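# Got a sequence here, can you build the structure:
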Amino acid sequence: MNYLLFIILCIIIILYISSIFINNSNIDKNKTTVIENKIKDKIKKTIIENKIKDKITQDIDNLKNKKNRTNIITICIIFIIFLIFIIYYISKFGFINGLWYLFLTWIFFTIATPTPQSGLMVSLPLKIIYGVHMDKSQLIISIFSLIVIFILHYKFQYLLNYGVFGKVINEIIKKNAYLVIFTSIIGSTTISGLFDNLIDIINKKTIQFDKFIFNIILTIISFIYYNKVMKENNLYKILT
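Purely as a prediction, here's the structure:
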């Protein structure tokens with residue numbers, strides 16, 4: 001009887017121990033399965049993230065290439081326009097006189113008109129290539145042109161008499177109609193600022209709305225006073 005009980009007890013112990021091992025093996029299998037699933041999920045996530053990164057990088061490269069092409073085309077157009085002016089003035093007035101008339105024309109439209117058509121030939125490429133604000137470029141160009149004009153007027157006045165634009169500048173200084181120059185610089189600078197904002201909007205950059213409105217108001221005021229002073233001093237007659 002004692003032997004039988006002993007055998008039964010041994011069997012129970014063996015079964016218990018074997019069940020522990022079976023459970024542990026199942027737990028280990030479950031753990032292994034969970035770990036494998038986590039690794040697979042991580043690999044899938046990494047693959048998806050890499051695909052998204054590659055897509056974003058490709059889109060950015062495409063945008064950069066498109067922007068570069070647009071910049072090159074814009075600069076080429078500006079260069080062609082400038083080249084046409086050079087050819088026109090040289091063919092009409094000769095090489096030396098043609099270049100001088102072209103320079104006077106550029107100076108005149110920089111400081112004696114409230115529009116930045118000549119300054120854009122410099123400020124626009126600087127904006128496209130280096131990101132320089134166009135209103136700042138225009139202001140520097142206007143100051144440079146103003147210094148050149150005063151030097152020419154007081155030291156080499158005869159050089160200004162070669163062209164109609166030079167004569168107008170001489171008359172502006174003689175009649176102390178400096179408001180023409182002041183309103184021209186203000187107008188050309190604010191319009192350049194508006195062009196700068198427009199380019200930023202196209203490139204999906206944020207702009208200062210209050211500065212945008214301020215530039216519009218200043219532009220309108222400068223045009224009104226420019227027209228008034230030009231009429232009061234009969235400067236339009238010289239141009240015609």
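
# Next, the contact list for residue 161, please.
Listed by CB atoms under 8 Å, 6 or more residues apart in numbering, the contact set of residue 161 reads 167, 170. Where C-beta positions appear, they are placed from N, C-alpha and C, glycine not excepted.

# scratch that, residue 195
By CB under 8 Å, 6+ apart, the contact list for residue 195 reads 116, 120, 124, 134.

# Among those residues, which one lies nearest to residue 234?
Closest approach to residue 234 among those (CB to CB): residue 116, at 25.3 Å.

# For the closest one, give me phi and psi.
phi -100, psi 40 (degrees, to the nearest 10).

# Ignoring the adjacent residues along the chain, who's closest to it?
The spatial neighbour of residue 116 that comes closest, neighbours along the chain excluded (CB to CB, 6 or more residues apart in numbering), is residue 188 at 3.9 Å.

# Look at the one you found and report its pLDDT.
Confidence per residue is given as pLDDT, and for residue 188 that number is 93.

# Cross-check the contact I'm expecting between it and residue 113.
Yes: the pair formed by residue 188 and residue 113 meets the contact definition of CB atoms under 8 Å, at 7.2 Å.

# higher neighbour count, these two?
For the pair residue 188 and residue 113, the greater number of neighbours falls to residue 188 (30 against 18), based on other CB atoms under 10 Å.

# Which element, helix or strand, includes residue 236?
Remark: residue 236 resides in helix 235-239, with elements defined by DSSP states H and E.

# in that helix, what counts as buried?
Buried residues in helix 235-239, counting neighbours by 16 or more other CB atoms under 10 Å, are found at residue 235.

# cool, stretch 203-222 as well?
212, 215, 218, 219, 222.

# So for that stretch, mean pLDDT?
Across stretch 203-222, the average pLDDT comes to 84.

# got it, and stretch 156-165?
If you average the pLDDT over stretch 156-165, you get 79.

# Centre of the chain to that stretch, how far?
37 Å (CA atoms, centre = their mean, to the nearest Å).

# That one: end-to-end distance?
For stretch 156-165, the separation between the terminal residues is 15 Å (CA to CA, to the nearest Å).

# can you check stretch 107-125 too?
The straight-line separation of the ends of stretch 107-125 (CA to CA) is 18 Å.

# list the buried ones in that stretch?
In terms of neighbour count (16+ other CB under 10 Å), stretch 107-125 has its buried residues at 107-116, 118-125.

# Among the residues you listed, name the ones in helices.
Applying DSSP state H to the buried residues of stretch 107-125, the entries found in helices are 107, 108, 109, 110, 111, 120, 121, 122, 123, 124, 125.

# List just the nearest of these to residue 100.
Proximity of these to residue 100, judged by CB to CB, is greatest for residue 107, which lies at 10.6 Å.

# residue contacts, that closest one?
118, 145, 148, 149, 165, 169.

# Would you mind writing the ChimeraX command to select the buried ones in those residues?
Here is the ChimeraX selection string for the buried members of the contacts of residue 107, based on 16+ other CB under 10 Å:
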select :118,145,149,165,169
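
# could you dump the contacts of residue 107 to TSV with distance to residue 179?
Below are those laid out as TSV (distance: CB to CB, whole Å):
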residue	distance to residue 179
118	20
145	17
148	20
149	15
165	18
169	14
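
# got a list of what the residue nearest to residue 116 touches?
110, 113, 114, 115, 116, 119, 138, 142.

# cool, residue 154 as well?
For residue 154, the set of contacting residues under the criterion of CB under 8 Å, 6+ apart is empty.
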